[in-house]
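Q: here is a sequence together with a model predicted from it:
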Amino acid sequence: MKLFAIVLALFAVRAAALLSVKSDSCAAEDLKHRAILQNKLAGDCEEMCKEVGAYPKKCTCPGFVQPDSTPGVMTWEELLAHMDNLVAWGKETLKGWTAQAAAALAQKKIVAHVQTAVESISDSKACAAQDLKHRAQVQNKLASACLDMCKEIGAYPKCECPGFAPPDSTPGVMTWEELNEHMDNLVAWGLDMIKKAKARASGLIQQNRSQWKPQPCDELEPGVPCTKLYKHPAGSGTVMPCPGNSQTRPDGCAALFKGKADGEQCPQIYCPNAEGRPMKLVCAGGCCPTCWAPDHVVKVDRHTSIDNAKTVPIAPTAPKHCSEPGPKAKCFEPRCDEGFKKGFVQGDCCYSCVPGF
């Protein structure tokens, strides 16, 4: 029955092939179906060979490849074929090595030629330098002989020897042309010296402005608050509170800093440059350092032209420097947080917030 089924399937395949010739549009689909059918028949063919005892030597199924009759062991034929493959591989490998060796040898020859050429160029340069030296000596000798000949025939100083520079026709006295040229040189030299002096002065001024320090406290007028440069803690850039002896109201600062960790008590600020001139952190009576520079370094806008309705008069007991000489200080009405009230601190120009209820 199986044989009859196989024969019948083969007839069906041939019929499908004839039909595909007539219809090109169905060729791809037909090829797919035939491949599936042939793979199925191939499997059935091998099964039938096993059933009838013809497997594997007498199986004649299409595309059938007999399994290895001696698995894990080479036959004489397989061993000979393997040795032929080894011989062919060895020859190809030797060819590659030979080509590689030839390339390396050629490269070595090229390097040797280059070295020889470099040595030749070096020798040529050395010869050229020596020749130049000898020619210079000969030319100097000829020049001296030419000058002597000019003097003997009475043509000196109008001598036409190569490189000859006539001597000054008026030694010790400047001609008008020489004087004008000398004046031009003096003008150019003077301008260059002025430029260098300005650049040097500008550098010194900038250096002095960057190295400024507040005026010593013992040299200040009475009532003028003392200003000192702030110093960061050793090895740290954290902005900490000003020392207690520089604070105008240490008790108020203590209340302000209560419960706050280091680095949170004061703003972590850095001082920028104002018009290219450095400002620095200073302690001037407040709780925390502020950025400041003296008037001779950075001119401060004291808002003398501002007409603001929110400004208030200075404190009645303010020092004289708050109102004279020069423009008066500008004060604003303080807005105090809980635990503070409006009050006056000795030495200030305006009212401020002080501890109290």
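A: Noted; the coordinates are in hand.
Q: and stretch 263-272, what's buried?
A: Neighbour-count burial for stretch 263-272 flags 265-266, 271 (criterion: 16 or more other C-beta atoms under 10 Å). Yep, even glycine has a C-beta here, placed from its N, CA and C like the rest.
Q: off-centre distance for that stretch?
A: A distance of 30 Å separates the centroid of the chain from that of stretch 263-272, by C-alpha atoms, centre = their mean, to the nearest Å.
Q: now that stretch - C-alpha only, CSV.
A: The C-alpha trace of stretch 263-272 is given here as CSV (Å, rounded to 0.1, in the frame of the first residue of the first chain):
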residue,chain,number,x,y,z
GLY,A,263,27.3,76.2,56.5
GLU,A,264,23.6,77.0,57.1
GLN,A,265,24.1,80.0,59.5
CYS,A,266,25.4,82.4,56.8
PRO,A,267,24.9,82.6,53.0
GLN,A,268,27.6,80.7,51.1
ILE,A,269,28.6,83.7,48.9
TYR,A,270,31.7,84.6,47.0
CYS,A,271,32.7,88.1,46.0
PRO,A,272,32.8,89.0,42.3
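Q: domain map for the chain?
A: 2-51, 105-164, 213-299, 306-357 (automatic domain parsing).
Q: out of those domains, which gets nearest to residue 196?
A: domain 213-299 (21.3 Å; C-beta to C-beta).
Q: ramachandran coordinates for the residue positioned nearest the centre of the chain?
A: Closest to where the C-alpha atoms of the chain average out (C-alpha atoms, centre = their mean) is residue 272, at 25.0 Å. With angles defined as degrees, to the nearest 10, residue 272 sits at phi -80, psi 180.
Q: that older thread, quick one, which of the domains of the chain is nearest to residue 59?
A: Taking the domains of the chain one by one with C-beta to C-beta, domain 2-51 is closest: 3.8 Å.
Q: for the buried residues of stretch 263-272, which one is nearest residue 122?
A: For the buried residues of stretch 263-272, the nearest to residue 122 is residue 271 (62.0 Å; C-beta to C-beta).
Q: ok, that closest one - contacts?
A: Contacts for residue 271 (C-beta atoms under 8 Å, 6 or more residues apart in numbering) come out as 278-281, 291.
Q: quick check: the gap between it and residue 241.
A: The gap separating residue 271 from residue 241 is 17 Å, by C-beta to C-beta, to the nearest Å.
Q: mind checking which helix or strand residue 130 is in?
A: Counting by DSSP states H and E, the element that carries residue 130 is helix 76-153.
Q: thinking again about what came up before, tell me the least confident of the buried residues of stretch 263-272?
A: Ranked by pLDDT, the buried residues of stretch 263-272 bottom out at residue 271, which has 86.
Q: give me the element that residue is part of.
A: Here residue 271 is assigned to no helix or strand, by DSSP H and E.
Q: and the contacts of stretch 200-219?
A: So stretch 200-219 is contacted by 226-229, 276-278, 280, 282, 293-294, 296-297 (C-beta under 8 Å, 6+ apart).
Q: end to end on it, go ahead and measure it.
A: 31 Å (C-alpha to C-alpha, to the nearest Å).
Q: related to what we said a few turns ago, reformat the domains of the chain as TSV; add distance to residue 178.
A: Output for those, formatted as TSV (distance: least, C-beta to C-beta, whole Å):
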stretch	distance to residue 178
domain 2-51	106
domain 105-164	17
domain 213-299	47
domain 306-357	60
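Q: nearest to residue 60, of these?
A: Nearest to residue 60, of these and by C-beta to C-beta, is domain 2-51 at 8.2 Å.
Q: that older thread, now for the contacts of stretch 200-219: which two are most distant?
A: 226 and 276 (27.6 Å).
Q: higher neighbour count, these two?
A: Taking neighbours as other C-beta atoms under 10 Å, residue 226 and residue 276 compare with residue 226 leading, 16 against 9.
Q: quick check: the nearest residue to that one once chain neighbours are set aside vs residue 283, distance?
A: Closest residue in space to residue 226, ignoring its immediate chain neighbours: residue 217 at 3.8 Å, by C-beta to C-beta, 6 or more residues apart in numbering. Here residue 217 is placed at a distance of 11 Å from residue 283 (C-beta to C-beta).
Q: doesn't residue 43 fall inside a strand?
A: No. Judged by DSSP: H, G, I helix; E, B strand; the rest coil, residue 43 forms no part of a strand; its state is helix.
Q: what about it, how many neighbours?
A: Close neighbours of residue 43, defined as other C-beta under 10 Å, add up to 11.
Q: ditto for residue 343
A: Residue 343, neighbours per other C-beta under 10 Å, totals 17.
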